[in-house]
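Student: quick check, what structure comes out for this input:
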Amino acid sequence: MARALMSSPQGVKIIQGLDKLSAAASSRNGRQLIAMLAGSGSDALKKAAAAASTTDKDPARVLLSTLLSSKEGAALVAKVIEVIGV
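Tutor: Residues are numbered from 1 along each chain as shown. The predicted structure follows:
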């Protein structure tokens with residue numbers, strides 16, 4: 001079943017996405033992002049996710065605004081933008 005999925009058009013898209021993610025994670029900026037997530041950035045992300053999960057408002061907006069309200073969260077967002085090239 002897994003072999004059939006991976007050879008399907010959806011599977012090809014998944015593999016291409018993983019290839020892009022792997023390339024981004026292997027870059028210097030990607031490694032810095034991973035280090036940030038392993039450190040204080042993960043605390044900021046956990047707090048933001050907790051706030052977003054308990055809101056009646058738009059969770060994505062709450063997640064982002066909570067992240068941007070701390071120095072660590074803002075640095076994490078900036079690094080994600082840098083890594084994905086937005």
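
Student: residue 7: neighbour count?
Tutor: 11 (other CB atoms under 10 Å). Placement of C-beta: from N, CA and C, glycine included.

Student: what is the rounded mean pLDDT of stretch 14-22?
Tutor: For stretch 14-22, the mean per-residue pLDDT is 85.

Student: with just CA atoms, put that stretch into PDB.
Tutor: The C-alpha trace of stretch 14-22 is given here as PDB (Å, rounded to 0.1, in the frame of the first residue of the first chain):
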ATOM      1  CA  ILE A  14       4.900  14.300  -0.800                       C
ATOM      2  CA  ILE A  15       8.400  13.300  -1.900                       C
ATOM      3  CA  GLN A  16       9.100  16.600  -3.600                       C
ATOM      4  CA  GLY A  17       7.900  18.400  -0.500                       C
ATOM      5  CA  LEU A  18      10.200  16.300   1.700                       C
ATOM      6  CA  ASP A  19      13.100  17.000  -0.700                       C
ATOM      7  CA  LYS A  20      12.500  20.700  -0.300                       C
ATOM      8  CA  LEU A  21      12.200  20.400   3.500                       C
ATOM      9  CA  SER A  22      15.400  18.400   3.600                       C
END
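
Student: got the buried residues for that stretch?
Tutor: The neighbour-count check on stretch 14-22 (16 or more other CB atoms under 10 Å) flags nothing as buried.

Student: residues contacting that stretch, please?
Tutor: residue 6 (CB atoms under 8 Å, 6 or more residues apart in numbering).

Student: got it, and stretch 51-67?
Tutor: Stretch 51-67 is contacted from outside by 44, 45, 47, 48, 49, 73, 74, 76, 77, using CB under 8 Å, 6+ apart.

Student: recalculate using a threshold of 6 Å.
Tutor: Stretch 51-67 is contacted by residues 48, 73, 77 when judged by CB atoms under 6 Å, 6 or more residues apart in numbering.

Student: what about the residues you listed, which are in strands?
Tutor: Using DSSP state E, no member of the contacts of stretch 51-67 sits in strands.
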